[in-house]
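Asks: Need coordinates for the below:
(4 chains)
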Protein chains: 2
Amino acid sequence: MTLLAELADTRAKRSKSAHKLAACVVRDPGAIVSMSTAALARLAGVSEPTVHRFCTGLGFKGFPDFKLALAGELALREPRIAPDVEPEDTPAQVAAKVFESTRASLNNARQHLDPGALRDAVDYLANARSIVLCGLGASASVALDAQHKLLRFPVPVAAYTDLINQRMAVTGLSSGDCLICISYTGRTTAVVELAELAADTGARVLGITAPGSPLARQCGVVLAVESAEDTERYTPMSSRIVQLVIIDILTTCLALRHGDELTRHLQKVKRNLAPTRHPEA
Amino acid sequence: MTLLAELADTRAKRSKSAHKLAACVVRDPGAIVSMSTAALARLAGVSEPTVHRFCTGLGFKGFPDFKLALAGELALREPRIAPDVEPEDTPAQVAAKVFESTRASLNNARQHLDPGALRDAVDYLANARSIVLCGLGASASVALDAQHKLLRFPVPVAAYTDLINQRMAVTGLSSGDCLICISYTGRTTAVVELAELAADTGARVLGITAPGSPLARQCGVVLAVESAEDTERYTPMSSRIVQLVIIDILTTCLALRHGDELTRHLQKVKRNLAPTRHPEA
DNA sequence: CGCATGCTGTAATTAAATTACATTCGCGCA
DNA sequence: TGCGCGAATGTAATTTAATTACAGCATGCG
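Replies: Next up is the predicted model:
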């Protein structure tokens, strides 16, 4: 747990003045780092030694030590800068901004990913008799990527990016199978319908989509990808990158579940790929 | 310029003791943040006021203020942690580690992206009569993603993920066209051959691949994606995420080049997509 | 109701940072 | 070469901040 998150927890067992101090720090951490003991004491309405005791109680050597830790955490905190691409930006500036906004998206996703849903999703995959992936538009390439990663596992996987084929494949599902629906908006009618269709077959449905969306409501488990884009004209779509990282997480968890058995399988895959490589020049 | 980078610059114009101090700080910034003026003065072999003057000279209010800034920068610095997924990790821990290693990959890519190559790449795309994208395996989904993004521009785009179709498409290229070859290793024979084929047609070849690889040598412009993975069994492939971010950067730059003309085009695209959306529940 | 424990504040102490001032060093110029 | 000027450094004093010691008060429990 991070320092600020810990302080923000109002239910933590703390003395009355400790609560007052924590509240002050959480309210404006940036101001605290340049304050003296006395200033913070006045702000929180407590005495100076109480401030000191608060810090030592948190495991720091004293108030200055606490401020140092706070400064470090503040530097890490969102948002560093909200970079908006400008028409007159050079390619290098654009690159920096795109990297930065991607980083921000990932950080956001990291904080909002539900551990319970993740565990359930891994269960779905680990116990699936077969896995079907569906996505359209930008999510089609995410589905194909997921397929590529899941091909490393000894379970039947298929990705469909064609409306008709998707419906055919989903109709053929049955209990024990797992359908993964990928959609950034969660509002693409065709994909929502797939999830509905799948429900009738008894197959489990995992959504990688916007929380609370029509698609999310049709899914047994939802891995949420926050939607907060499309507002700015030139902002790139970082959402599919978040989706891909979620795929990475799922497949990594799955790999751990499979353990040694998988390791042998992967070595075989690798050997079979070797002939496709160019000899060293 | 960051504080530490500035201090590391030994050529900067500074007094003798300022140099000694800068050297001390750069040598072990972590230790400095928990030192007093006196301790640093002793370490650097200067007097306490000199330390203070050094800090104010750098634009800080004093030594404590300087330490605060240093602590903040230290927290930002690479590498935070080198996370390796362990067999006994919980899904939540795996998620944290995958996010972290993705972040590290992106940061690495950000630092190594060549601005000159980027500018050239944007030129290629901006002046292309048509664009063809090729990739196999994991890079196939990257190619499809790039296609999806480039479809927003009024230029013919096609992605091929099939060996035969790729060769046919590339054979049909001519001067003025642009081929984008995507390959993480840069050693997939089939893709290297595509680049060779394209060279004969007069088309421009842009590689998104490992620097110095056989593929890279066949490309007019290379956007480098560092290769430093595959060593650990369970480490996910962050490389395709880097590739996607590079795609984002390219398309964003391209969008800026097109300007208003494109804005109108995008509005049309958006209008045409509306009927695919699910009505709000 | 009273004692005990723990929290809090006042005041004293110690440590740290900053300022004021004196000295030295290095450099240009006679 | 040496004289003087200005910048840079150090010593010592001052101010400010942090910490400790101790006393009082509240809260809870017998």
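Asks: How about the stretch 101-250 of chain A: which residue is closest to DNA strand C?
Replies: Here the stretch 101-250 of chain A gets closest to DNA strand C at one residue, A:Gln111, 31.3 Å apart by CB to the nearest atom of the strand. No exception for glycine: its C-beta is placed from N, CA and C like everyone else's.
Asks: what angle do the host helix or strand of that residue and helix B:91-112 make?
Replies: Per DSSP states H and E, A:Gln111 falls inside helix A:91-112. Interaxial angle, helix A:91-112 versus helix B:91-112 (axes from the mean of the first three to the mean of the last three CA atoms, to 10 degrees): 170 degrees.
Asks: For helix A:91-112, which residues meet the burial criterion?
Replies: Buried residues in helix A:91-112, counted by 16 or more other CB atoms under 10 Å in any protein chain shown: A:91-92, A:94-110.
Asks: Over to stretch A:183-201?
Replies: Residues of stretch A:183-201 classed as buried: A:183-188, A:191-195, A:197-198, A:201 (neighbour count, 16+ other CB under 10 Å).
Asks: average model confidence for stretch A:136-144?
Replies: Mean pLDDT, stretch A:136-144: 92.
Asks: now swap in stretch A:58-70 and tell me
Replies: The predicted model gives stretch A:58-70 an average pLDDT of 90.
Asks: again with stretch A:109-128
Replies: Average pLDDT, stretch A:109-128: 92.
Asks: Next, the contact list for A:Val51, please.
Replies: Applying CB atoms under 8 Å, 6 or more residues apart in numbering or on different chains, one finds that A:Val51 lies in contact with A:Leu21, A:Thr37, A:Leu40, A:Ala41, A:Ala44, A:Phe63.
Asks: Could you dump the residues you listed into CSV and include distance to DNA strand D, secondary structure and neighbour count?
Replies: Conversion of the contacts of A:Val51 to CSV gives the following (distance: CB to the nearest atom of the strand, whole Å; DSSP: H, G, I helix; E, B strand; the rest coil; neighbours: other CB atoms under 10 Å in any protein chain shown):
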residue, distance to DNA strand D, secondary structure, neighbour count
A:Leu21, 13, helix, 27
A:Thr37, 3, helix, 19
A:Leu40, 8, helix, 23
A:Ala41, 8, helix, 22
A:Ala44, 13, helix, 21
A:Phe63, 4, helix, 21
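Asks: Out of those, which comes closest to DNA strand C?
Replies: The closest of the contacts of A:Val51, once distances to DNA strand C are taken by CB to the nearest atom of the strand, is A:Ala41, at 7.6 Å.
Asks: my guess is the closest one meets A:Arg53, correct?
Replies: No. Between A:Ala41 and A:Arg53 there is no contact under CB atoms under 8 Å: 11.1 Å.
Asks: re earlier: can you redo the buried residues of stretch A:183-201 as JSON lines, where the extra columns are secondary structure?
Replies: Listed next are the buried residues of stretch A:183-201 as JSON lines, based on DSSP: H, G, I helix; E, B strand; the rest coil:
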{"residue": "A:Ser183", "secondary structure": "coil"}
{"residue": "A:Tyr184", "secondary structure": "coil"}
{"residue": "A:Thr185", "secondary structure": "coil"}
{"residue": "A:Gly186", "secondary structure": "coil"}
{"residue": "A:Arg187", "secondary structure": "coil"}
{"residue": "A:Thr188", "secondary structure": "strand"}
{"residue": "A:Val191", "secondary structure": "helix"}
{"residue": "A:Val192", "secondary structure": "helix"}
{"residue": "A:Glu193", "secondary structure": "helix"}
{"residue": "A:Leu194", "secondary structure": "helix"}
{"residue": "A:Ala195", "secondary structure": "helix"}
{"residue": "A:Leu197", "secondary structure": "helix"}
{"residue": "A:Ala198", "secondary structure": "helix"}
{"residue": "A:Thr201", "secondary structure": "helix"}
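Asks: between the residues you listed, which is closest to A:Asp123?
Replies: Proximity of the buried residues of stretch A:183-201 to A:Asp123 (CB to CB) peaks at A:Ala198, which lies at 17.0 Å.
Asks: re earlier: so what's the gap between the helix holding A:Gln111 and the chain middle?
Replies: Its chain's C-alpha centre and that of helix A:91-112 lie 13 Å apart, by CA atoms, centre = their mean, to the nearest Å.
Asks: For the very next helix or strand once past that helix, buried residues please.
Replies: Under the assignment DSSP H and E, the closest C-terminal helix or strand after helix A:91-112 is helix A:115-127. Using 16+ other CB under 10 Å as the test for burial, helix A:115-127 gives A:Ala117, A:Leu118, A:Asp120, A:Ala121, A:Val122, A:Asp123, A:Tyr124, A:Leu125, A:Ala126.
Asks: Can you name every helix or strand that helix A:115-127 contacts?
Replies: In this structure, helix A:115-127 packs against strand A:204-209, strand A:221-224, helix A:239-258, helix B:91-112, with contacts taken as 3 or more CB pairs under 8 Å, 6 or more residues apart in numbering or on different chains; DSSP states H and E.
Asks: Kindly recompute the last result at 10 Å.
Replies: Judged by 3 or more CB pairs under 10 Å, 6 or more residues apart in numbering or on different chains; DSSP states H and E, the packing partners of helix A:115-127 are strand A:178-182, strand A:204-209, strand A:221-224, helix A:239-258, helix B:91-112.
Asks: Can you narrow the buried residues of stretch A:183-201 down to the ones near chain B?
Replies: By CB under 10 Å from any CB of the partner chain, the members of these lying near chain B are A:Ser183, A:Thr185, A:Gly186, A:Arg187, A:Thr188, A:Val191, A:Val192, A:Glu193.
Asks: interface residues of the stretch 1-150 of chain A facing DNA strand C?
Replies: Contact residues, the stretch 1-150 of chain A versus DNA strand C (CB under 7 Å from any atom of the strand): A:Ser15, A:Lys16, A:Ser17, A:Ala18, A:Gly45, A:Val46, A:Ser47, A:Glu48, A:Pro49, A:Thr50, A:Arg53.
Asks: So the first one versus DNA strand D, what's the distance?
Replies: Translated: A:Ser15. A:Ser15 sits at a distance of 10 Å from DNA strand D (criterion: CB to the nearest atom of the strand, to the nearest Å).
Asks: tell me the contacts of that residue?
Replies: A:Leu21, A:Val46, A:Thr50, A:Arg53, A:Phe54, A:Gly57 (CB atoms under 10 Å, 6 or more residues apart in numbering or on different chains).
Asks: Show me the two of those residues that sit farthest apart.
Replies: Farthest pair in those (CB to CB) is A:Val46 and A:Gly57. Separation: 13.1 Å.
Asks: ok, those two, which is more surrounded?
Replies: With neighbours defined as other CB atoms under 10 Å in any protein chain shown, A:Val46 and A:Gly57 compare such that A:Val46 has more, 20 against 12.
Asks: okay, the ones next to chain B among the buried residues of stretch A:183-201 in JSON lines with distance to DNA strand D and pLDDT next?
Replies: Output for those, formatted as JSON lines (distance: CB to the nearest atom of the strand, whole Å; pLDDT from 0 to 100):
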{"residue": "A:Ser183", "distance to DNA strand D": "52", "pLDDT": "91"}
{"residue": "A:Thr185", "distance to DNA strand D": "50", "pLDDT": "85"}
{"residue": "A:Gly186", "distance to DNA strand D": "49", "pLDDT": "87"}
{"residue": "A:Arg187", "distance to DNA strand D": "52", "pLDDT": "87"}
{"residue": "A:Thr188", "distance to DNA strand D": "56", "pLDDT": "87"}
{"residue": "A:Val191", "distance to DNA strand D": "56", "pLDDT": "93"}
{"residue": "A:Val192", "distance to DNA strand D": "54", "pLDDT": "93"}
{"residue": "A:Glu193", "distance to DNA strand D": "59", "pLDDT": "93"}
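Asks: And the furthest pair within the residues you listed?
Replies: Farthest pair in these, by CB to CB: A:Thr185 and A:Glu193, 14.4 Å.
Asks: which stretches of chain A have low pLDDT?
Replies: A:1, A:11-12, A:78-83, A:227-236, A:260-281 (pLDDT under 70).
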